[in-house]
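# fold the stuff below for me.
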Amino acid sequence: MKILVPVKRVIDYNVKVRVKADETAVDLANVKMALNPFCEIAIEEAVRLKEAGTASEVVVVSIGTAAVQEQLRTALALGADRALHIDTDLNLDSLQVAKLLAKVVAEEQPGLVILGKQAIDSDNNQTGQMLAALTGMGQGTFASEVKVSGDKVQVTREIDGGLQTVELTLPAVVSTDLRLNEPRYASLPNIMKAKKKPLETKAADSYGVGLNSKVKVLKVAAPAVRQGGVTVASVAELVEKLKHEAKVI
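Next up, the predicted model:
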């Protein structure tokens, strides 16, 4: 069975994000980029399935400029077998990404698609669900456990009331949650081996998908700065401030 893992290049989660002065976008100048953390979990799960003998090949795919090849090489160092770079300099929204991935699914014919439930830059949590709808596959979202048996996959997912286990017929789409696994670190030998693994580049417009985004960003603003607290001398003073300053009672 082949497993397809879509991954995304995002700002490293340890970096403090800055907004451009004109508030049109996030400032990416000289900012450290990395694999989306949820994508790392998806790669780890796919590699574990391969190590267990359930999968025969792990293919990673990413959409963006040539810069995403850095993250694809990281994914190869983590255990993926080959990579596909869909080249575009356009800022695509979730639907365009899902449509491109649907074309890749049609070409690759994977038995399972595993991807992060969301990217930490946009936090949309849409692509996995859209991909499942476009391909007609069953979907298991927010997976905290994945078990493949024959032509079925059982996905344990976290819901408001606890845990829910769903059984899907392969091929299927699974999106990963934080509790699914703990990603490994890429060892130096594997980093060196990743340089020789196949990485193919295809133009995004060669897939016949309309790439004009329907979503327009009007403004990007940093979170408001929180004011420091004050110490009150008595309960009466606290109530007075809550009434007349905070106006919450």
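# chain center to the helix or strand hosting residue 238, what's the gap?
Using DSSP states H and E, residue 238 maps to helix 235-244. Helix 235-244 sits 46 Å away from the centroid of its parent chain (Cα atoms, centre = their mean, to the nearest Å).
# buried residues, it. List them.
Residues of helix 235-244 include none that count as buried (16 or more other Cβ atoms under 10 Å). Heads up, the C-betas are built off the backbone N, CA and C, glycines and all.
# helices or strands up against that helix?
Judged by 3 or more Cβ pairs under 8 Å, 6 or more residues apart in numbering; DSSP states H and E, helix 235-244 is in contact with no other helix or strand.
# which other residues reach it?
230, 232, 248, 249 (Cβ atoms under 8 Å, 6 or more residues apart in numbering).
# could you rerun that using 10 Å?
Contacting residues not belonging to helix 235-244 are listed as 230, 231, 232, 234, 246, 247, 248, 249 [Cβ atoms under 10 Å, 6 or more residues apart in numbering].
# which one of those is nearest residue 221?
Residue 221 lies nearest to residue 246 out of the contacts of helix 235-244, by Cβ to Cβ, at 23.3 Å.
# name the helix or strand for that closest one, please.
With DSSP H and E as criterion, residue 246 is part of no helix or strand.
# do you know the pLDDT at residue 27?
Note for residue 27: predicted pLDDT of 82.
# again with residue 33
89.
# how about residue 79: what's its closest non-neighbour residue?
residue 47 (3.5 Å; Cβ to Cβ, 6 or more residues apart in numbering).
# can you name the residues that contact the one you found?
3, 5, 55, 58, 75, 78, 79, 80, 81, 181, 183, 184.
# do residue 134 as well
Here residue 134 is in contact with 95, 98, 99, 101, 102, 103, 105, 106, 173 (Cβ under 10 Å, 6+ apart).
# report the buried residues of the helix or strand containing it.
According to DSSP H and E, residue 134 maps onto helix 127-135. Neighbour counts using 16+ other Cβ under 10 Å place 127, 128, 129, 130, 131, 132, 134, 135 of helix 127-135 among the buried residues.
# right, and the fifth one touches residue 113 too?
Yes - the pair formed by residue 131 and residue 113 meets the contact definition of Cβ atoms under 10 Å, at 6.8 Å.
# related to what we said a few turns ago, from the buried residues of helix 127-135, pick the one nearest residue 43.
Using Cβ to Cβ, these come closest to residue 43 at residue 128, 14.8 Å.
# ok, which stretches of this structure are helices?
For the chain, helices defined by DSSP state H occupy the ranges 37-51, 69-77, 94-108, 127-135, 188-194, 235-244.
# does residue 132 really touch residue 112, like I thought?
No - using Cβ under 10 Å, residue 132 is not in contact with residue 112; the gap is 11.9 Å.
# find residues that contact each of the two.
Taking Cβ under 10 Å, 6+ apart as the criterion, residue 132 and residue 112 both touch 168, 172, 173, 174.
# out of these, which sit inside strands?
168, 172, 173, 174 (DSSP state E).
# roughly how far apart are the residue nearest to the first one when sequence neighbours are not counted and residue 155?
Sequence neighbours aside, residue 138 is the residue nearest to residue 168 in space, at 3.8 Å (criterion: Cβ to Cβ, 6+ apart). Plainly put, residue 138 is 9 Å away from residue 155 if you go by Cβ to Cβ, to the nearest Å.
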